[in-house]
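**Q** Please find the sequence and the predicted model below.
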Amino acid sequence: KLEEKGIADNTIVIFTSDNGCSPVANFPQLIAGGHNPSSIYRGWKADIWEGGHRIPFVIRWPGHIPAGTVCTQTACLTDLFATFAQMLNQALPEGAAPDSRPMKAAWMGKEKKGRDYLVLQNAQNNLSITDGRWKYVRPGKGPAYNKTVNIELGNSMEPQLYDLKKDVGEKNNLAKEQPKRVQQLSTELEKVVDGRYGLPLYLDCY
């Protein structure tokens, strides 16, 4: 349709989603049909795991983003706001979109740096923080499972730490083996929570 209208080369097209697949979906039926919505990732929408938060993000921008390229920087869907403002040379009003970061240069392959951190939240308001490789899940008092849809939520009274580079399925909790990294990420998370960065909490909600 864009080609038919003659605007294909001057239109940005983005294919994405707001979160992982909802646990009310019939997973056995989907998997039996050859489709696992979470692929290699653990979890679903409403939990703290990557399957609940990682989303597809495909962008087509002729003349600016070479076809077939991949951006591996840490980013969030909320970053669209600041990125579009950046593209349009528009300054955001004071206090607007505090959880959004401009990503134009990363998208175009001109910058290797994305977000320093991304904070995620599950349905019980428990939080995790990731720098793209390491992910720390703060101890939470919520239920371990949602019995209604029979999914684990990631809540635990013990700290959790996962190396997403080597263990993207979040199977091996390294918190006891990496106490210094747990402390570092925990400190960064608390800075975000209590506003010591001068910003309110930024996160990718469930």
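**A** Ah, there it is.
**Q** And K180, how far from S186?
**A** 11 Å (Cβ to Cβ, to the nearest Å). (Glycine included, C-beta is placed from N, CA and C.)
**Q** of those two, who's got more company?
**A** Counted by other Cβ atoms under 10 Å, K180 and S186 do not tie: S186 has more neighbours, with 17 against 7.
**Q** Backbone dihedrals for the more buried one, please?
**A** phi -60, psi -40 (degrees, to the nearest 10).
**Q** check contacts around it.
**A** Residues in contact with S186 (Cβ atoms under 8 Å, 6 or more residues apart in numbering) are Y136, R138, P159.
**Q** Touching, the second one and N122? I think so.
**A** No: here R138 does not reach N122: they are 10.5 Å apart, not a contact under Cβ atoms under 8 Å.
**Q** which one of the two has more residues nearby?
**A** Between R138 and N122, counting by other Cβ under 10 Å, N122 is the more crowded of the two (25 against 20).
**Q** Skipping its backbone neighbours, what lies nearest that one in space?
**A** Computed as Cβ to Cβ, 6 or more residues apart in numbering, the closest residue to N122 that is not its neighbour in sequence is I48, at 4.2 Å.
**Q** related to what we said a few turns ago, sort out for me which of the contacts of S186 are in helices.
**A** Among the contacts of S186, no member is found in helices (DSSP state H).
**Q** and which of those is nearest to F84?
**A** Y136 (30.4 Å; Cβ to Cβ).
**Q** For the closest residue to the closest one other than its chain neighbours, list the residues it contacts.
**A** Spatial nearest neighbour of Y136, chain neighbours left out: L185 (3.7 Å); criterion: Cβ to Cβ, 6+ apart. Under the criterion of Cβ under 8 Å, 6+ apart, the neighbours of L185 are I129, D131, W134, Y136, L161.
**Q** quick one: low-confidence parts of this structure?
**A** For the chain, the stretches with pLDDT under 70 are 196-206.
**Q** where exactly do the helices run in it?
**A** Assigned by DSSP H, the helices in the chain fall at 2-5, 27-32, 50-53, 79-87, 104-107, 179-193.
**Q** Now for the closest residue to C21 other than its chain neighbours, how many residues are close by?
**A** Leaving out its chain neighbours, the residue that sits closest to C21 by Cβ to Cβ, 6+ apart is P37, at 3.4 Å. Residues near P37, counting by other Cβ under 10 Å, number 16.
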